[in-house]
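1. Provide a 3D model corresponding to the input given below.
(2 chains)
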2 protein chains.
Amino acid sequence: MTDTTLNTRVLLASRPHGEPTAENFTIETAPVPQPADGEVLLRTIYLSLDPYMRGRMNDAKSYAAPVEVGAVMEGGTVAEVVESRDPSLVPGDIVLCGLGWQTHGVLPANQVRKLDPSRAPISTAVGVLGMPGFTAYAGLLEIGRPQPGETVVVAAAAGPVGSAVGQIARIKGARAVGIAGGPEKVAFLRELGFDEALDHRSPTFKDDLKAVVPDGIDVYFENVGGHVWDAVLPRLNTYARVPVCGLVAHYNETELPAGPDRTSRLMQSILTKSITVRGFIQNEFVKTHYKDFQRDAAAWIADGSLQYKEDVVEGIENAPEAFFGLLTGKNFGKLLVKVGDDPTA
Amino acid sequence: MTDTTLNTRVLLASRPHGEPTAENFTIETAPVPQPADGEVLLRTIYLSLDPYMRGRMNDAKSYAAPVEVGAVMEGGTVAEVVESRDPSLVPGDIVLCGLGWQTHGVLPANQVRKLDPSRAPISTAVGVLGMPGFTAYAGLLEIGRPQPGETVVVAAAAGPVGSAVGQIARIKGARAVGIAGGPEKVAFLRELGFDEALDHRSPTFKDDLKAVVPDGIDVYFENVGGHVWDAVLPRLNTYARVPVCGLVAHYNETELPAGPDRTSRLMQSILTKSITVRGFIQNEFVKTHYKDFQRDAAAWIADGSLQYKEDVVEGIENAPEAFFGLLTGKNFGKLLVKVGDDPTA
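-> I've put the predicted structure just below:
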């Protein structure tokens, strides 16, 4: 499927203004690099596409440094060891690593984590058993802290984070309300066992939401922003918790709204209802929660209480187009680019 | 000072639109009520005036029910028992209670708390040893959680909550930056030992703030909102904590700013810097923290590390005017109305 002597890679060609376009990327080939002592040569199998990547395209201060113009786009990957110059790995090993948007790469052996393909499909290492799953787990349980009988609402609920949030909420005895775009995704949420599923594109969305949360909202897991947040805010209960891990509805905005005091409506709600709004990046919780997550998620997948859906696009050259779709909700499930053959499939 | 047979009381005459005016209040006299079995007749000594009262004048959903039009304005008071029909209290006892804006009142004996005048000046029961002090203590320590060497910023810092916040922050080893309106209040903050004191009325306030927080802000204790918040937000550090107990700059606003997505700037900051914003009312922490507060605050007052300032207005008939000043920062220290003689002074 891939030329073993050439590395095909996607570079950031220019910084987008608003919605990114094909012109912001360059696809080129280069010789496959050679590993030095302590390094491994890797062949990408799956590249994970995630909303946070939009932020990395900007030259703005955020929780991570931006991708430099002319550099390979960053991203989590599942890869196969092709050549190893480190005793800890041998060719054929499957690893989790951060090769970015390219077919091949060299990394120090201590920067990759070996996967056990007998444990779970290897693609889940960048999905339900990886960063998105852990984001859901840590944010919901550590910040959201849903109690039995409480109402948990999550948007982008058909995506890898949102679908895990809703299912974990139910595992913990809470009521899960999922919000997604379009009837297919809404039907999928019902299959997953969400107590209620709503289409945010419906003209009656605001009223629909009100109708399904008669006791208000105790936890809103925020990964979207925009008009969904506007509809949720008035429904939050006293002592509601709002973990914030993303605002994908705003990622392509070029300017924030003008004018003073633009934050006062939110602050008024926070004040009068003793609401907690807490931003987080999953890294913060790795030391304290990652082991528990791996144990719990594996058990829940095994007993069927945590299901997942993947949306697989073939070929590294289709990564930009797939990424544009991710930012507008076109993907349906965890978005992966299948970059090379999966020998475990 | 007060007629012992007549009760002078301040009623809410109408709901204000924006800034309250004298027309929103009626001052009238009525016969002093008689206590029934289990009740006590009380004579108000000090009435506490607090910003939260502005919210009670509105007919809006908040953390407490509004004052009805035609009813006595609510408020915390220190009072003397005039007549007791309950074995737990005798005439002459000094109590903390909620008589509201009136010279006399009857309450069930179990709704008043006896004070020990030998322990501290009785007025402190509605100030540094009462609700405002406890708001500072619980919000700062439980939500703000300042660590030694961190930077804590508080606005309305010459007021009863803010002055306690800054001093407790220093007691806990943090750096305290106080913000107040006008040079006198700023000088007072320096007397209290704040590491830095700023005048938010200065045309260079935004830059002044930036200059005194070279390492950013770890805790911002929010009780004001408005342009102070606008200046603070960009300076908040990753993992900053923002306890929100008031937004006095907005209490007289008749409308929140229009337009969609008005909350996104704040949410972007919360997301990218893993900030915690948490509204609270001190009641939430009474069970868990009130005993510790009483013990700690008394010790800190005794050793001089927690100082307080009172702004005392004489006469119940002056309560409305004093209250208008409170909403625009005219008071200097904890605002009290001395309604009747203080037999302990």
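
2. Mean pLDDT per helix and strand in chain A: which one sits at the bottom?
-> The weakest-scoring helix or strand in chain A, judged by mean pLDDT, DSSP states H and E, is helix A:264-272 (a mean of 83).

3. buried sites along it?
-> Buried residues in helix A:264-272, counted by 16 or more other CB atoms under 10 Å in any protein chain shown: A:Ser264, A:Arg265, A:Leu266, A:Met267, A:Gln268, A:Ser269, A:Ile270, A:Leu271, A:Thr272. No exception for glycine: its C-beta is placed from N, CA and C like everyone else's.

4. Over to stretch A:91-106?
-> Neighbour counts over stretch A:91-106 (16+ other CB under 10 Å) mark A:93-97, A:99-106 as buried.

5. which of the buried residues of helix A:264-272 come close to chain B?
-> For chain B, the contacts drawn from the buried residues of helix A:264-272 by CB under 8 Å from any CB of the partner chain are A:Ser264, A:Arg265, A:Leu266, A:Met267, A:Gln268, A:Ser269, A:Ile270, A:Leu271, A:Thr272.

6. And these, which is closest to A:Thr44?
-> Using CB to CB, A:Leu266 comes nearest to A:Thr44 of those, at 41.2 Å.

7. so that closest one sits right up against B:Gln268, yeah?
-> No - counting by CB atoms under 8 Å, A:Leu266 stays clear of B:Gln268, with 11.8 Å between them.

8. that older thread, now, which of the ones next to chain B among the buried residues of helix A:264-272 sits nearest B:Ser123?
-> A:Leu271 (27.0 Å).

9. Now that closest one: closest residue in space, sequence neighbours ignored.
-> B:Gly279 (4.4 Å; CB to CB, 6 or more residues apart in numbering or on different chains).

10. now A:Gly225
-> Leaving aside its sequence neighbours, A:Gly225 sits nearest to A:Leu247 (CB to CB, 6+ apart; 3.7 Å).

11. Now do the one you found: how many residues are near it, please.
-> As a burial measure, A:Leu247 scores 23 neighbours (other CB atoms under 10 Å in any protein chain shown).

12. Same question for the one 4 residues further on.
-> Other residues within reach of A:Tyr251, judged by other CB under 10 Å, total 22.

13. Quick check: A:Met57 vs A:Gly100, distance?
-> Separation of A:Met57 from A:Gly100 (CB to CB, to the nearest Å) stands at 13 Å.

14. and what of A:Thr29?
-> From A:Thr29 over to A:Gly100 the distance is 15 Å, taken as CB to CB.

15. Then A:Gly178?
-> Distance, A:Gly178 to A:Gly100, by CB to CB: 31 Å.

16. same deal with A:Ala13?
-> Here A:Ala13 is placed at a distance of 15 Å from A:Gly100 (CB to CB).

17. try A:Thr276
-> Separation of A:Thr276 from A:Gly100 (CB to CB): 35 Å.

18. The stretch 201-345 of chain A: strands as residue ranges?
-> Secondary structure of the stretch 201-345 of chain A (DSSP state E, counting those that start in this stretch): strands at A:217-221, A:236-244, A:276-279, A:310-314, A:334-338.

19. Serialize the ones you listed to TSV and add fields for mean pLDDT and mean neighbour count.
-> Listed next are the strands of the stretch 201-345 of chain A as TSV, based on pLDDT from 0 to 100; neighbours: other CB atoms under 10 Å in any protein chain shown:
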stretch	mean pLDDT	mean neighbour count
strand A:217-221	98	27
strand A:236-244	96	22
strand A:276-279	96	25
strand A:310-314	97	16
strand A:334-338	97	24
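
20. sorry, back to before: closest to B:Glu39 out of the buried residues of stretch A:91-106?
-> Nearest to B:Glu39, judged by CB to CB, of the buried residues of stretch A:91-106 is A:Leu96 at 71.1 Å.

21. So that closest one is in contact with A:Leu129, correct?
-> No - between A:Leu96 and A:Leu129 there is no contact under CB under 8 Å: 9.5 Å.

22. Where does pLDDT dip in chain A?
-> By pLDDT under 70, the low-scoring segments of chain A are A:1-4, A:61-63, A:254-264.

23. Got the domain ranges for it?
-> Chain A breaks down by automatic domain parsing into domains covering A:6-127+A:308-338, A:131-302.

24. circling back: what sits against the residue nearest to A:Leu271?
-> A:Ser269, A:Ile270, A:Leu271, A:Thr272, A:Lys273, A:Ser274, A:Ile275, A:Thr276, B:Val244, B:Cys245 (CB atoms under 8 Å, 6 or more residues apart in numbering or on different chains).

25. Could you rerun that using 7 Å?
-> Going by CB atoms under 7 Å, 6 or more residues apart in numbering or on different chains, B:Gly279 touches A:Ile270, A:Leu271, A:Lys273, A:Ser274, A:Ile275, B:Val244.

26. For these, work out which two are farthest apart.
-> Largest separation among the contacts of B:Gly279 by CB to CB: A:Lys273 and B:Val244, giving 10.6 Å.

27. Now the most far-flung residue of chain A relative to its centre. Nearest residue, chain neighbours left out?
-> Relative to the centre of chain A, the most outlying C-alpha is that of A:Asp37, 33.6 Å out, by CA atoms, centre = their mean. Closest residue to A:Asp37 apart from its sequence neighbours, by CB to CB, 6+ apart: A:Arg85 at 5.3 Å.

28. tally of neighbours for A:Arg113?
-> By other CB under 10 Å, the residues close to A:Arg113 number 9.

29. For it, name its beta-bridge partners.
-> Taking DSSP bridges as the rule, A:Arg113 bridges to A:Leu96.

30. Is it in contact with A:Leu96, as I believe?
-> Yes - taking CB atoms under 7 Å as the definition, A:Arg113 is a contact partner of A:Leu96 at 4.6 Å.

31. can you map out the helices along chain A?
-> Listed in chain order, the helices of chain A (DSSP state H) span A:52-56, A:131-138, A:160-171, A:183-192, A:205-212, A:226-232, A:264-272, A:286-302, A:319-327.

32. Redo the ones you listed as JSON lines? Include distance to B:Leu236.
-> Shown next, in JSON lines, are the helices of chain A (distance: least, CB to CB, whole Å):
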{"stretch": "helix A:52-56", "distance to B:Leu236": "18"}
{"stretch": "helix A:131-138", "distance to B:Leu236": "22"}
{"stretch": "helix A:160-171", "distance to B:Leu236": "25"}
{"stretch": "helix A:183-192", "distance to B:Leu236": "35"}
{"stretch": "helix A:205-212", "distance to B:Leu236": "31"}
{"stretch": "helix A:226-232", "distance to B:Leu236": "20"}
{"stretch": "helix A:264-272", "distance to B:Leu236": "14"}
{"stretch": "helix A:286-302", "distance to B:Leu236": "23"}
{"stretch": "helix A:319-327", "distance to B:Leu236": "27"}
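
33. Tell me, how many residues neighbour the residue lying closest to A:Val339 once chain neighbours are set aside?
-> With CB to CB, 6+ apart as the criterion, A:Val339 has its nearest non-adjacent residue at 4.1 Å, and that residue is A:Thr44. Neighbour count of A:Thr44, defined by other CB under 10 Å: 27.

34. now swap in A:Arg54 and tell me
-> A:Arg54: 20 surrounding residues under other CB under 10 Å.

35. State the distance from the closest residue to A:Tyr137 other than its chain neighbours to B:Ala197.
-> Nearest non-adjacent residue to A:Tyr137, counting by CB to CB, 6+ apart: A:Phe293, 4.6 Å away. Separation of A:Phe293 from B:Ala197 (CB to CB) stands at 46 Å.

36. next one: A:Ala79
-> 57 Å.

37. Next: A:Gly216.
-> Distance of A:Gly216 to B:Ala197, computed by CB to CB: 42 Å.
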